[in-house]
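A.B. asks: the sequence and its predicted three-dimensional model are supplied below.
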There are 2 protein chains.
Amino acid sequence: MAREKKSEETRGRILDAAVGLFRERGFESATMREIASAAGVATGAAYYYFESKDAIVLAFYDRSQREMEPLVKAAMAERRDFEARLKALLEVKLNYFALDRGLLRALASHTDPAQPLSPFSAETREIRERDIQFFQTLLVESRMKVPADLGPLLPRMLWMYQMGLILFWIYDRSEGQLRTASLVAKSAAMVARLIRLSAFPLLRPARKAIVELVETVAG
Amino acid sequence: MAREKKSEETRGRILDAAVGLFRERGFESATMREIASAAGVATGAAYYYFESKDAIVLAFYDRSQREMEPLVKAAMAERRDFEARLKALLEVKLNYFALDRGLLRALASHTDPAQPLSPFSAETREIRERDIQFFQTLLVESRMKVPADLGPLLPRMLWMYQMGLILFWIYDRSEGQLRTASLVAKSAAMVARLIRLSAFPLLRPARKAIVELVETVAG
């Protein structure tokens, strides 16, 4: 039991050292040897915990997702309506990753779903599905009325919207990323509005076409 | 005059050799020395025409854009309505780049507007603006009715939609990229429908909000 705990601590220390090094030096140039050295362990030991830098990044995604869960829950508990909660959820994410914009920029070159570190890869599926669940919970708890055909797809569409915002944010060079802040506020209002509009009879054919379109993309 | 022509020929030969090498070997690993050798010129001569591999890629973007112009015009001339023409325009693009999916995949890691090869960079602005002009012409010639506030932004929004489709296409591993073909057909219909809907009085507030949102993103 003590040994397990120690093992987990070492793993966490290597992960922390790696993220620190990625922030300081950039993701591409950091080596496993340097990560091990920064964590105060032998290179072999680092490889025992993580078979590659990619494995470290996957562990970073996983830990981030898990650590954000209570933060998201707390932010949800303080608000009632869908738009305010959606905005709060996005703000939790951006705040959490505030020190990692550079790292996320380096990782953004992995967009190809065939690359393990891509947010759309098979390797990141489990993390992605847990993340999509945030949006499902958000819709249910805010008692948002969603047409039946759109219901199963909407959490995934909101997740895609979130990914687009994060992409905009990592490249946002405005002071304090104020352009992103403005985009978050305006787009959250827009998303809430569009979901409400989607129930209008006039828009039924458009909604059905969108559902079909999203199903094509989601494969 | 003869010298100018010869100079242009040499430049074109280096560009062809480079694109051939990128297709064969991948973009990242090809060197200027290999490109020169494949074009049958001295390395120094290659540098005289292009100061870097990046300059070659910019020339490739520029030439592609220019070569597609008559193809787009011909495709437009054969059709009347907006949806059919939009679909044809997209198909011209995808057909033109059919041999370059691998190269475009390699280049897709340059999304950051701060990178010269990014489709959103200052360096590619002129090419991008000419490309956006295709959509402006398409709207005008198809006599599409567009609300006044949406008018100035719509060509740029359609261009962004095109870039999203191209991104989907370069990562599309379905046979013959049939998923992309389906997405082109469905999304072109959807885009035409949404533009028509945007004129409905019920949707005026939503449209105004979208205009504001796009202005925020376009900065």
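C.D. replies: Structure received. Numbers count the residues shown, from 1 in each chain, chains lettered A, B, ... in the order given.
A.B. asks: backbone dihedrals for residue A:147, please?
C.D. replies: phi -50, psi 150 (degrees, to the nearest 10).
A.B. asks: quick one, what contacts it?
C.D. replies: For residue A:147, the contacting residues are A:198, A:199, A:207, taking Cβ atoms under 8 Å, 6 or more residues apart in numbering or on different chains as the criterion. Placement of C-beta: from N, CA and C, glycine included.
A.B. asks: you'd agree the first one is up against residue A:209?
C.D. replies: No. Taking Cβ atoms under 8 Å as the definition, residue A:198 is not a contact partner of residue A:209, at 11.6 Å.
A.B. asks: just the buried ones from the contacts of residue A:147?
C.D. replies: The neighbour-count test (16 or more other Cβ atoms under 10 Å in any protein chain shown) marks A:198, A:207 as buried among those.
A.B. asks: from the contacts of residue A:147, which land in helices?
C.D. replies: residue A:207 (DSSP state H).
A.B. asks: okay, now the closest residue to chain B within chain A: neighbour count?
C.D. replies: The minimum distance from chain A to chain B, using Cβ to the nearest Cβ, falls at residue A:109 (3.5 Å). Using other Cβ atoms under 10 Å in any protein chain shown, residue A:109 is surrounded by 18 other residues.
A.B. asks: what's the answer for residue A:80, then?
C.D. replies: 11.
A.B. asks: grab the nearest non-local neighbour of it.
C.D. replies: Distances taken as Cβ to Cβ, 6 or more residues apart in numbering or on different chains place residue A:142 nearest to residue A:80, at 7.4 Å, with adjacent residues excluded.
A.B. asks: that neighbour against residue A:87, yeah?
C.D. replies: No. Taking contacts as Cβ under 8 Å, residue A:142 lies outside contact range of residue A:87: 11.8 Å.
A.B. asks: list of residues touching stretch A:137-144?
C.D. replies: A:76, A:80, A:81, A:82, A:85, A:86, A:89, A:146, A:154, A:155, A:158, A:195.
A.B. asks: which pLDDT value belongs to the first one?
C.D. replies: pLDDT for residue A:76: 93.
A.B. asks: next one: the fifth one
C.D. replies: According to the per-residue confidence, residue A:85 scores 97 in pLDDT.
A.B. asks: tell me how many other residues crowd residue A:81.
C.D. replies: That count, for residue A:81 with other Cβ under 10 Å as the rule, works out to 11.
A.B. asks: what's the helix or strand for residue A:214?
C.D. replies: In the assignment (DSSP states H and E), residue A:214 maps to helix A:204-218.
A.B. asks: quick one: mean pLDDT over that helix.
C.D. replies: pLDDT averaged over helix A:204-218 gives 90.
A.B. asks: check the offset of that helix from the chain's centre.
C.D. replies: Taking Cα atoms, centre = their mean, to the nearest Å, one finds the center of helix A:204-218 at 24 Å from the center of the full chain.
A.B. asks: try stretch A:142-149
C.D. replies: The chain centroid and the centroid of stretch A:142-149 are separated by 23 Å, computed with Cα atoms, centre = their mean.
A.B. asks: likewise for stretch A:37-48?
C.D. replies: 28 Å.
A.B. asks: how far does that stretch stretch from start to finish?
C.D. replies: In stretch A:37-48, first residue to last residue: 14 Å (Cα to Cα, to the nearest Å).
A.B. asks: pull out the buried residues from it.
C.D. replies: A:38, A:39, A:41, A:46, A:47.
A.B. asks: touching it from outside, list them.
C.D. replies: A:10, A:13, A:14, A:16, A:17, A:18, A:20, A:21, A:32, A:33, A:35, A:36.
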